[in-house]
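Q: sequence first, predicted model second:
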Amino acid sequence: MKNLKEKNIQKVIWHMQRQCGRLAKASDLAAIKSELFHLQASIDCLNRILNDQEPYPGFEREEVF
């Protein structure tokens, strides 16, 4: 289980880095809001992983996409 948790944390951090990069390049308000939404979702996912919860509540999945 620890290996899965570490893998999930690494994947979430990768997603967050990608979203921050897109946010830095965004110029219009709609794109910025979209990337902020995705970044918040990744932060929520990371919090659930750190609290030993399922990364995506409601999905039968223990691994981050």
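A: Happy to help now that I have it.
Q: spit out the contact partners of the residue nearest in space to the middle of the chain.
A: With distances taken as CA atoms, centre = their mean, residue 42 lies nearest the centre of the chain, 2.2 Å away. Contacts were defined as CB atoms under 8 Å, 6 or more residues apart in numbering; by that measure residue 42 touches 12, 15, 16, 19. All C-beta spots, glycine's among them, are computed from the backbone N, C-alpha and C.
Q: which non-adjacent residue is nearest the third one?
A: To tie it back to what came earlier, the one meant is residue 16. Once flanking residues are discounted, residue 16 sits nearest to residue 42: 4.8 Å by CB to CB, 6 or more residues apart in numbering.
Q: check that neighbour and give its pLDDT.
A: At residue 42, the pLDDT value in this model is 93.
Q: let me know the average pLDDT across the helix or strand where residue 22 lies.
A: Following DSSP states H and E, one finds residue 22 within helix 2-25. When pLDDT is averaged along helix 2-25, the result is 93.
Q: report the angle between the helix or strand hosting the residue nearest to residue 16 and helix 2-25.
A: Residue 42 is part of helix 29-50, with elements assigned from DSSP H and E. Orientation check (axes from the mean of the first three to the mean of the last three CA atoms, to 10 degrees): helix 29-50 against helix 2-25 gives 160 degrees.
Q: so how far is the first residue of stretch 57-64 from its last?
A: Length of stretch 57-64, first residue to last, CA to CA, to the nearest Å: 12 Å.
Q: pull out the buried residues from the helix holding residue 22.
A: 8, 9, 11, 12, 15, 16, 19 (16 or more other CB atoms under 10 Å).
Q: mind checking how far the closest residue to the second one other than its chain neighbours is from residue 27?
A: Put plainly, it is residue 9. Excluding the flanking residues, the one nearest residue 9 by CB to CB, 6+ apart is residue 49, at 5.9 Å. Counting by CB to CB, to the nearest Å, the gap between residue 49 and residue 27 amounts to 32 Å.
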